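[1] sequence isn't available, so here's the structure alone:
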Ligand SMILES: Cc1cc2nc3c(=O)[nH]c(=O)nc-3n(C[C@H](O)[C@H](O)[C@H](O)COP(=O)(O)OP(=O)(O)OC[C@H]3O[C@@H](n4cnc5c(N)ncnc54)[C@H](O)[C@@H]3O)c2cc1C
(Lines give C-alpha, C1' and ligand atoms only; values in the text may rest on other atoms or scores of the structure.)
Protein backbone atom coordinates (compact mmCIF):
# COMPACT_ATOMS: atom_id res chain seq x y z
CA UNK A 1 0.00 0.00 0.00
CA UNK A 2 1.09 3.60 -0.49
CA UNK A 3 2.46 5.12 2.72
CA UNK A 4 0.30 7.66 4.56
CA UNK A 5 0.27 9.75 7.72
CA UNK A 6 -1.87 8.27 10.52
CA UNK A 7 -3.78 10.50 12.94
CA UNK A 8 -5.84 9.37 15.93
CA UNK A 9 -7.55 12.51 17.30
CA UNK A 10 -9.58 12.47 20.52
CA UNK A 11 -12.31 14.94 19.56
CA UNK A 12 -14.54 15.52 16.56
CA UNK A 13 -13.24 19.06 16.22
CA UNK A 14 -9.67 17.78 15.90
CA UNK A 15 -10.77 15.01 13.53
CA UNK A 16 -12.59 17.29 11.08
CA UNK A 17 -9.66 19.76 11.15
CA UNK A 18 -7.41 16.91 9.96
CA UNK A 19 -9.63 16.14 6.96
CA UNK A 20 -9.05 17.72 3.55
CA UNK A 21 -11.83 19.47 1.63
CA UNK A 22 -10.90 17.42 -1.46
CA UNK A 23 -11.88 13.77 -1.87
CA UNK A 24 -8.99 11.31 -1.97
CA UNK A 25 -6.42 13.33 -0.01
CA UNK A 26 -7.59 12.07 3.38
CA UNK A 27 -9.78 9.14 4.48
CA UNK A 28 -11.67 8.36 7.68
CA UNK A 29 -10.88 5.03 9.38
CA UNK A 30 -13.42 3.27 11.63
CA UNK A 31 -13.10 -0.55 11.99
CA UNK A 32 -11.02 -0.76 8.81
CA UNK A 33 -12.77 -3.87 7.40
CA UNK A 34 -13.37 -2.07 4.10
CA UNK A 35 -10.85 0.79 4.12
CA UNK A 36 -7.78 -1.35 4.83
CA UNK A 37 -8.63 -3.62 1.88
CA UNK A 38 -8.97 -0.68 -0.47
CA UNK A 39 -5.71 0.83 0.84
CA UNK A 40 -3.95 -2.48 0.19
CA UNK A 41 -5.45 -2.72 -3.28
CA UNK A 42 -4.45 0.91 -3.93
CA UNK A 43 -8.04 1.77 -4.86
CA UNK A 44 -7.70 4.43 -2.16
CA UNK A 45 -4.38 6.31 -1.86
CA UNK A 46 -4.76 9.05 0.76
CA UNK A 47 -1.93 11.15 2.16
CA UNK A 48 -3.51 10.91 5.64
CA UNK A 49 -5.82 8.47 7.43
CA UNK A 50 -7.85 9.85 10.33
CA UNK A 51 -8.92 7.20 12.83
CA UNK A 52 -12.17 7.61 14.79
CA UNK A 53 -11.09 5.00 17.35
CA UNK A 54 -10.30 7.44 20.21
CA UNK A 55 -13.39 9.65 19.85
CA UNK A 56 -15.58 8.57 22.76
CA UNK A 57 -18.70 10.52 21.75
CA UNK A 58 -19.09 8.37 18.61
CA UNK A 59 -19.43 5.12 20.52
CA UNK A 60 -22.56 3.36 21.76
CA UNK A 61 -26.35 3.37 21.55
CA UNK A 62 -28.67 5.57 23.59
CA UNK A 63 -32.43 5.03 23.94
CA UNK A 64 -34.54 8.19 24.41
CA UNK A 65 -35.75 11.24 22.42
CA UNK A 66 -38.45 8.95 20.97
CA UNK A 67 -36.07 6.50 19.39
CA UNK A 68 -32.58 5.08 19.29
CA UNK A 69 -29.47 7.21 18.79
CA UNK A 70 -26.67 5.07 17.36
CA UNK A 71 -23.13 6.48 17.50
CA UNK A 72 -21.31 5.98 14.20
CA UNK A 73 -18.53 3.79 15.66
CA UNK A 74 -20.94 1.46 17.43
CA UNK A 75 -20.01 -2.00 16.20
CA UNK A 76 -22.44 -4.10 14.21
CA UNK A 77 -22.31 -6.71 17.02
CA UNK A 78 -23.38 -4.09 19.60
CA UNK A 79 -26.35 -3.16 17.42
CA UNK A 80 -27.44 -6.78 17.01
CA UNK A 81 -27.28 -7.27 20.79
CA UNK A 82 -29.19 -4.10 21.67
CA UNK A 83 -32.53 -5.01 23.27
CA UNK A 84 -34.37 -1.87 22.07
CA UNK A 85 -33.23 -2.46 18.51
CA UNK A 86 -34.31 -6.10 18.66
CA UNK A 87 -37.73 -5.14 20.02
CA UNK A 88 -38.56 -2.18 17.78
CA UNK A 89 -36.45 -2.56 14.66
CA UNK A 90 -36.32 -6.24 13.64
CA UNK A 91 -35.75 -5.10 10.03
CA UNK A 92 -32.52 -3.36 11.04
CA UNK A 93 -31.32 -6.23 13.22
CA UNK A 94 -32.04 -8.75 10.42
CA UNK A 95 -30.04 -6.59 7.99
CA UNK A 96 -27.06 -6.61 10.37
CA UNK A 97 -27.38 -10.32 11.18
CA UNK A 98 -27.27 -11.08 7.45
CA UNK A 99 -23.68 -9.80 7.37
CA UNK A 100 -22.95 -13.09 9.03
CA UNK A 101 -19.25 -13.29 9.73
CA UNK A 102 -18.62 -12.80 13.50
CA UNK A 103 -15.28 -11.14 12.73
CA UNK A 104 -16.89 -8.42 10.58
CA UNK A 105 -19.68 -7.91 13.11
CA UNK A 106 -17.21 -7.43 15.99
CA UNK A 107 -14.94 -4.97 14.17
CA UNK A 108 -17.14 -3.32 11.53
CA UNK A 109 -19.09 -0.24 12.60
CA UNK A 110 -22.53 1.09 11.74
CA UNK A 111 -21.04 4.25 10.19
CA UNK A 112 -18.53 2.17 8.24
CA UNK A 113 -21.28 -0.03 6.84
CA UNK A 114 -23.22 3.03 5.64
CA UNK A 115 -20.11 4.67 4.13
CA UNK A 116 -18.46 1.52 2.69
CA UNK A 117 -17.45 1.89 -0.96
CA UNK A 118 -19.20 -0.12 -3.72
CA UNK A 119 -18.22 -3.75 -4.30
CA UNK A 120 -18.34 -3.24 -8.11
CA UNK A 121 -15.42 -5.24 -9.49
CA UNK A 122 -14.56 -2.54 -12.05
CA UNK A 123 -14.24 -0.01 -9.22
CA UNK A 124 -12.20 -2.42 -7.08
CA UNK A 125 -9.89 -3.04 -10.06
CA UNK A 126 -9.06 0.61 -10.58
CA UNK A 127 -11.63 1.73 -13.15
CA UNK A 128 -13.30 4.32 -10.93
CA UNK A 129 -16.66 4.26 -9.24
CA UNK A 130 -18.44 4.63 -12.60
CA UNK A 131 -16.51 1.68 -14.04
CA UNK A 132 -15.48 3.37 -17.29
CA UNK A 133 -12.52 3.13 -19.64
CA UNK A 134 -12.52 6.28 -21.76
CA UNK A 135 -15.99 6.53 -23.31
CA UNK A 136 -16.79 2.87 -22.71
CA UNK A 137 -18.87 1.73 -19.77
CA UNK A 138 -17.16 -1.47 -18.68
CA UNK A 139 -20.28 -2.31 -16.71
CA UNK A 140 -22.69 -2.05 -19.65
CA UNK A 141 -20.31 -3.82 -22.03
CA UNK A 142 -19.00 -6.39 -19.56
CA UNK A 143 -20.07 -8.71 -16.74
CA UNK A 144 -22.80 -6.88 -14.85
CA UNK A 145 -24.49 -9.72 -13.01
CA UNK A 146 -24.28 -7.93 -9.64
CA UNK A 147 -25.08 -4.43 -10.88
CA UNK A 148 -28.14 -2.18 -10.77
CA UNK A 149 -31.55 -2.99 -12.22
CA UNK A 150 -33.08 0.29 -10.98
CA UNK A 151 -31.76 3.84 -11.10
CA UNK A 152 -29.33 2.86 -13.84
CA UNK A 153 -30.14 5.56 -16.42
CA UNK A 154 -27.17 7.68 -15.24
CA UNK A 155 -23.48 6.81 -15.24
CA UNK A 156 -23.54 5.04 -11.82
CA UNK A 157 -24.38 1.37 -12.28
CA UNK A 158 -23.00 -0.17 -9.06
CA UNK A 159 -25.35 -1.20 -6.27
CA UNK A 160 -25.29 0.48 -2.87
CA UNK A 161 -23.48 -2.17 -0.78
CA UNK A 162 -24.94 -1.30 2.63
CA UNK A 163 -27.53 -3.72 3.98
CA UNK A 164 -28.36 -1.26 6.77
CA UNK A 165 -29.18 1.57 4.35
CA UNK A 166 -32.54 0.26 3.04
CA UNK A 167 -33.71 -0.61 6.58
CA UNK A 168 -32.81 2.86 7.86
CA UNK A 169 -34.56 4.55 4.92
CA UNK A 170 -37.72 2.47 5.52
CA UNK A 171 -37.67 3.29 9.24
CA UNK A 172 -37.37 7.05 8.55
CA UNK A 173 -33.94 7.37 10.22
CA UNK A 174 -31.99 10.63 10.37
CA UNK A 175 -28.24 10.96 9.90
CA UNK A 176 -26.11 13.58 11.64
CA UNK A 177 -22.99 14.75 9.80
CA UNK A 178 -20.28 16.78 11.51
CA UNK A 179 -17.97 19.10 9.60
CA UNK A 180 -15.23 21.66 10.33
CA UNK A 181 -15.54 23.38 13.70
CA UNK A 182 -17.75 20.45 14.86
CA UNK A 183 -20.67 22.04 12.98
CA UNK A 184 -23.48 19.53 12.46
CA UNK A 185 -26.26 19.04 9.94
CA UNK A 186 -28.99 16.41 9.89
CA UNK A 187 -30.40 14.61 6.86
CA UNK A 188 -33.08 12.01 6.29
CA UNK A 189 -31.46 8.62 5.57
CA UNK A 190 -33.05 8.74 2.10
CA UNK A 191 -31.08 11.94 1.38
CA UNK A 192 -27.80 10.55 2.67
CA UNK A 193 -27.24 8.16 -0.24
CA UNK A 194 -26.39 9.64 -3.65
CA UNK A 195 -25.62 8.26 -7.11
CA UNK A 196 -22.42 10.03 -8.23
CA UNK A 197 -22.41 11.55 -11.71
CA UNK A 198 -18.65 11.96 -11.95
CA UNK A 199 -15.46 10.51 -10.45
CA UNK A 200 -15.17 13.62 -8.26
CA UNK A 201 -18.30 12.69 -6.33
CA UNK A 202 -18.95 9.96 -3.75
CA UNK A 203 -21.92 7.77 -2.92
CA UNK A 204 -23.17 9.76 0.06
CA UNK A 205 -24.04 13.35 0.93
CA UNK A 206 -20.90 13.59 3.10
CA UNK A 207 -18.43 16.29 2.16
CA UNK A 208 -14.75 15.24 2.19
CA UNK A 209 -14.22 16.96 5.54
CA UNK A 210 -17.36 15.66 7.22
CA UNK A 211 -17.87 12.63 9.44
CA UNK A 212 -21.08 10.65 9.89
CA UNK A 213 -21.55 10.93 13.64
CA UNK A 214 -24.99 9.64 14.62
CA UNK A 215 -27.88 7.66 13.20
CA UNK A 216 -31.23 8.32 14.87
CA UNK A 217 -34.01 5.77 14.36
CA UNK A 218 -37.44 7.01 15.52
CA UNK A 219 -39.74 4.56 17.32
CA UNK A 220 -43.08 4.97 15.56
CA UNK A 221 -44.53 1.56 16.37
CA UNK A 222 -44.07 0.42 12.78
CA UNK A 223 -44.36 -3.22 11.85
CA UNK A 224 -41.11 -3.88 10.01
CA UNK A 225 -39.04 -6.68 8.51
CA UNK A 226 -36.18 -7.30 6.09
CA UNK A 227 -35.85 -10.26 3.76
CA UNK A 228 -32.56 -10.96 2.01
CA UNK A 229 -31.84 -13.17 -0.99
CA UNK A 230 -28.25 -14.40 -0.70
CA UNK A 231 -26.03 -16.81 -2.51
CA UNK A 232 -24.70 -18.01 0.85
CA UNK A 233 -24.60 -16.88 4.45
CA UNK A 234 -21.44 -15.11 5.59
CA UNK A 235 -18.68 -13.99 3.33
CA UNK A 236 -20.70 -12.20 0.71
CA UNK A 237 -23.19 -9.42 0.03
CA UNK A 238 -26.86 -10.20 -0.84
CA UNK A 239 -28.23 -10.26 -4.38
CA UNK A 240 -31.36 -8.40 -3.31
CA UNK A 241 -32.89 -7.25 -0.03
CA UNK A 242 -36.29 -5.79 0.78
CA UNK A 243 -37.29 -3.87 3.89
CA UNK A 244 -40.95 -3.20 4.56
CA UNK A 245 -42.32 -0.92 7.31
CA UNK A 246 -45.94 0.11 7.94
CA UNK A 247 -48.55 1.10 10.49
CA UNK A 248 -51.10 -1.63 11.19
CA UNK A 249 -54.37 -0.42 12.67
CA UNK A 250 -57.66 -2.31 12.83
CA UNK A 251 -56.20 -4.93 10.50
CA UNK A 252 -55.43 -2.39 7.74
CA UNK A 253 -52.07 -1.09 6.56
CA UNK A 254 -51.17 2.59 6.26
CA UNK A 255 -48.02 4.67 5.85
CA UNK A 256 -46.25 1.75 4.15
CA UNK A 257 -42.67 1.98 2.94
CA UNK A 258 -40.95 -0.57 0.75
CA UNK A 259 -37.22 -0.09 0.21
CA UNK A 260 -35.00 -2.40 -1.84
CA UNK A 261 -31.30 -2.97 -1.35
CA UNK A 262 -28.51 -4.12 -3.70
CA UNK A 263 -30.55 -3.28 -6.81
CA UNK A 264 -29.64 0.40 -7.41
CA UNK A 265 -26.81 2.86 -6.64
CA UNK A 266 -28.88 3.99 -3.63
CA UNK A 267 -31.41 2.22 -1.38
CA UNK A 268 -34.41 2.04 -3.73
CA UNK A 269 -37.69 3.36 -2.37
CA UNK A 270 -40.61 1.86 -4.30
CA UNK A 271 -43.58 4.11 -3.70
CA UNK A 272 -45.77 2.09 -6.07
CA UNK A 273 -45.29 -1.05 -4.00
CA UNK A 274 -46.11 0.84 -0.81
CA UNK A 275 -49.30 2.11 -2.50
CA UNK A 276 -50.27 -1.48 -3.33
CA UNK A 277 -50.14 -2.31 0.38
CA UNK A 278 -51.83 0.74 1.90
CA UNK A 279 -55.50 0.61 2.96
CA UNK A 280 -55.74 -3.17 2.74
CA UNK A 281 -55.41 -6.13 5.05
CA UNK A 282 -52.23 -8.15 4.66
CA UNK A 283 -52.80 -11.47 2.97
CA UNK A 284 -50.60 -13.68 0.85
CA UNK A 285 -52.30 -12.18 -2.21
CA UNK A 286 -51.73 -8.59 -1.06
CA UNK A 287 -48.07 -9.39 -0.29
CA UNK A 288 -47.60 -10.93 -3.75
CA UNK A 289 -49.27 -7.88 -5.35
CA UNK A 290 -46.86 -5.65 -3.46
CA UNK A 291 -43.92 -7.74 -4.74
CA UNK A 292 -45.15 -7.45 -8.34
CA UNK A 293 -45.55 -3.68 -7.95
CA UNK A 294 -42.01 -3.41 -6.52
CA UNK A 295 -40.50 -4.96 -9.64
CA UNK A 296 -42.29 -2.58 -12.02
CA UNK A 297 -39.94 -0.25 -13.85
CA UNK A 298 -36.87 -2.48 -13.42
CA UNK A 299 -34.38 -2.09 -16.29
CA UNK A 300 -32.01 -5.04 -16.08
CA UNK A 301 -28.62 -4.85 -17.78
CA UNK A 302 -27.43 -7.69 -20.02
CA UNK A 303 -26.63 -10.09 -17.16
CA UNK A 304 -28.85 -9.36 -14.18
CA UNK A 305 -32.49 -9.92 -15.19
CA UNK A 306 -32.56 -12.74 -12.62
CA UNK A 307 -32.80 -10.07 -9.90
CA UNK A 308 -36.33 -9.06 -10.98
CA UNK A 309 -37.92 -12.28 -9.72
CA UNK A 310 -35.84 -11.99 -6.54
CA UNK A 311 -37.30 -8.53 -5.91
CA UNK A 312 -40.84 -9.92 -6.14
CA UNK A 313 -40.08 -12.79 -3.76
CA UNK A 314 -38.09 -10.68 -1.27
CA UNK A 315 -40.82 -8.04 -1.00
CA UNK A 316 -43.60 -10.59 -0.60
CA UNK A 317 -41.66 -12.41 2.14
CA UNK A 318 -40.72 -9.18 3.91
CA UNK A 319 -44.39 -8.11 3.99
CA UNK A 320 -45.47 -11.44 5.48
CA UNK A 321 -42.59 -11.37 7.99
CA UNK A 322 -43.49 -7.81 9.07
CA UNK A 323 -47.07 -8.82 9.88
CA UNK A 324 -45.84 -11.77 11.90
CA UNK A 325 -43.20 -9.68 13.75
C1 LIG B 1 -16.62 -10.75 3.80
C2 LIG B 1 -17.49 -9.55 4.00
C3 LIG B 1 -18.87 -9.66 3.87
C4 LIG B 1 -19.67 -8.53 4.04
N5 LIG B 1 -21.04 -8.62 3.87
C6 LIG B 1 -21.80 -7.51 3.99
C7 LIG B 1 -23.22 -7.54 3.80
O8 LIG B 1 -23.81 -8.57 3.53
N9 LIG B 1 -23.91 -6.38 3.94
C10 LIG B 1 -23.30 -5.21 4.25
O11 LIG B 1 -23.97 -4.20 4.41
N12 LIG B 1 -21.97 -5.14 4.43
C13 LIG B 1 -21.23 -6.26 4.31
N14 LIG B 1 -19.88 -6.18 4.50
C15 LIG B 1 -19.26 -4.86 4.73
C16 LIG B 1 -19.07 -4.57 6.19
O17 LIG B 1 -20.33 -4.39 6.79
C18 LIG B 1 -18.23 -3.29 6.20
O19 LIG B 1 -16.94 -3.63 5.74
C20 LIG B 1 -18.14 -2.69 7.57
O21 LIG B 1 -19.39 -2.42 8.14
C22 LIG B 1 -17.37 -1.38 7.46
O23 LIG B 1 -17.22 -0.85 8.75
P24 LIG B 1 -15.79 -0.39 9.25
O25 LIG B 1 -16.02 0.27 10.55
O26 LIG B 1 -14.81 -1.51 9.22
O27 LIG B 1 -15.46 0.69 8.13
P28 LIG B 1 -14.05 1.15 7.53
O29 LIG B 1 -13.46 0.06 6.70
O30 LIG B 1 -13.20 1.74 8.57
O31 LIG B 1 -14.58 2.32 6.57
C32 LIG B 1 -15.37 2.03 5.44
C33 LIG B 1 -15.57 3.31 4.63
O34 LIG B 1 -16.41 4.20 5.34
C35 LIG B 1 -15.74 5.42 5.65
N36 LIG B 1 -16.18 5.72 7.01
C37 LIG B 1 -16.21 4.88 8.04
N38 LIG B 1 -16.81 5.46 9.10
C39 LIG B 1 -17.14 6.71 8.71
C40 LIG B 1 -17.78 7.79 9.37
N41 LIG B 1 -18.24 7.69 10.62
N42 LIG B 1 -17.95 8.94 8.68
C43 LIG B 1 -17.50 9.06 7.40
N44 LIG B 1 -16.91 8.06 6.72
C45 LIG B 1 -16.72 6.89 7.38
C46 LIG B 1 -14.26 5.12 5.50
O47 LIG B 1 -13.54 6.27 5.14
C48 LIG B 1 -14.27 4.08 4.39
O49 LIG B 1 -14.39 4.68 3.12
C50 LIG B 1 -19.07 -7.29 4.36
C51 LIG B 1 -17.68 -7.19 4.52
C52 LIG B 1 -16.89 -8.31 4.33
C53 LIG B 1 -15.39 -8.17 4.46
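    Now that the structure is in, tell me what you want to look at. Bear in mind the structure is a predicted one, so any value in this text is a computation, not a measurement.
[2] can you pull the contacts of residue 85?
    The contact partners of residue 85, by C-beta atoms under 8 Å, 6 or more residues apart in numbering, come to 61, 68, 79, 92, 93, 217. Every C-beta, even on glycine, is put in place using the N, C-alpha and C of the backbone.
[3] hey, where'd the helices end up in this protein?
    12-17, 35-40, 76-81, 83-88, 90-97, 102-107, 110-115, 121-124, 138-141, 164-170, 189-192, 271-277, 284-295, 306-324 (DSSP state H).
[4] and for residue 276, nearest residue in space, chain neighbours not counted?
    residue 293 (4.1 Å; C-beta to C-beta, 6 or more residues apart in numbering).
[5] confidence score at the one residue in the stretch 201-325 of the chain that gets nearest to the ligand?
    As assessed by C-beta to the nearest ligand atom, the ligand sits closest to residue 212 within the stretch 201-325 of the chain, at 3.7 Å. The per-residue pLDDT reported for residue 212 equals 98.
[6] who does it bridge with?
    Going by DSSP bridges, residue 212 is paired in beta bridges with residue 177.
[7] that one contacts residue 116, doesn't it?
    No. Assessed by C-beta atoms under 8 Å, residue 212 is found out of contact with residue 116, at 11.5 Å.
[8] of these two, who's got more company?
    residue 212 (26 against 21; other C-beta atoms under 10 Å).
[9] what's near enough to touch the more buried one?
    So residue 212 contacts 72, 111, 114, 115, 175, 176, 177, 192, 204, 206 (C-beta under 8 Å, 6+ apart).
[10] what do you get if the cut-off is 7 Å, keeping everything else the same?
    Applying C-beta atoms under 7 Å, 6 or more residues apart in numbering to residue 212 gives the contacts 72, 111, 114, 115, 175, 177, 206.
[11] show me which residues of the stretch 151-300 of the chain are close to the ligand?
    Listed as neighbours of the ligand in the stretch 151-300 of the chain under the rule C-beta under 6 Å from any ligand atom: 161, 162, 163, 164, 206, 211, 212, 235, 236, 237, 238.
[12] quick one: end-to-end length of stretch 131-145, please.
    14 Å (C-alpha to C-alpha, to the nearest Å).
[13] enumerate the residues of the stretch 1-150 of the chain near the ligand.
    Counting by C-beta under 6 Å from any ligand atom, the stretch 1-150 of the chain sits next to the ligand at 27-35, 52, 72, 76, 98-99, 101, 104, 107-109, 111-113, 115-117.
[14] put the buried members of those into a PyMOL selection.
    Per 16 or more other C-beta atoms under 10 Å, the buried members of those correspond to this PyMOL selection:
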select buried, resi 27+28+29+30+31+32+33+34+35+52+72+76+98+99+104+107+108+109+111+112+113+115+116+117
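[15] thinking again about what came up before, tell me which of the contacts of residue 85 is nearest to the ligand?
    Using C-beta to the nearest ligand atom, residue 79 comes nearest to the ligand of the contacts of residue 85, at 10.5 Å.
[16] count of residues packed around residue 196?
    A total of 19 residues lie near residue 196 under the criterion other C-beta under 10 Å.
[17] for it, what are its contacts?
    Residue 196 neighbours (C-beta under 7 Å, 6+ apart): 129, 156, 202, 203.
[18] give me that answer again for 10 Å
    118, 128, 129, 130, 154, 155, 156, 158, 202, 203, 204, 265 (C-beta atoms under 10 Å, 6 or more residues apart in numbering).
[19] how near is it to residue 265?
    Going from residue 196 to residue 265 by C-beta to C-beta, to the nearest Å gives 8 Å.
[20] shared neighbours of residue 212 and residue 116, anything?
    residue 30.
[21] can you list the low-confidence ranges for this protein?
    Within the chain, the ranges that satisfy pLDDT under 70 run 234.
[22] the contacts of residue 212 into TSV, with extra columns for distance to residue 88?
    TSV is the format used below for those (distance: C-beta to C-beta, whole Å):
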residue	distance to residue 88
72	20
111	21
114	19
115	24
175	18
177	24
206	27
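[23] now do the strands in the stretch 151-300 of the chain.
    In the stretch 151-300 of the chain, the strands defined using DSSP state E, counting those that start in this stretch lie at 174-179, 183-188, 211-218, 223-229, 240-249, 252-261, 268-269.
[24] what comes up buried for the third one?
    Going back to what we said before, that points to strand 211-218. Within strand 211-218, the residues scored as buried using 16+ other C-beta under 10 Å are 211, 212, 213, 214, 215, 216, 217.
[25] closest one of those to residue 21?
    residue 211 (13.4 Å; C-beta to C-beta).
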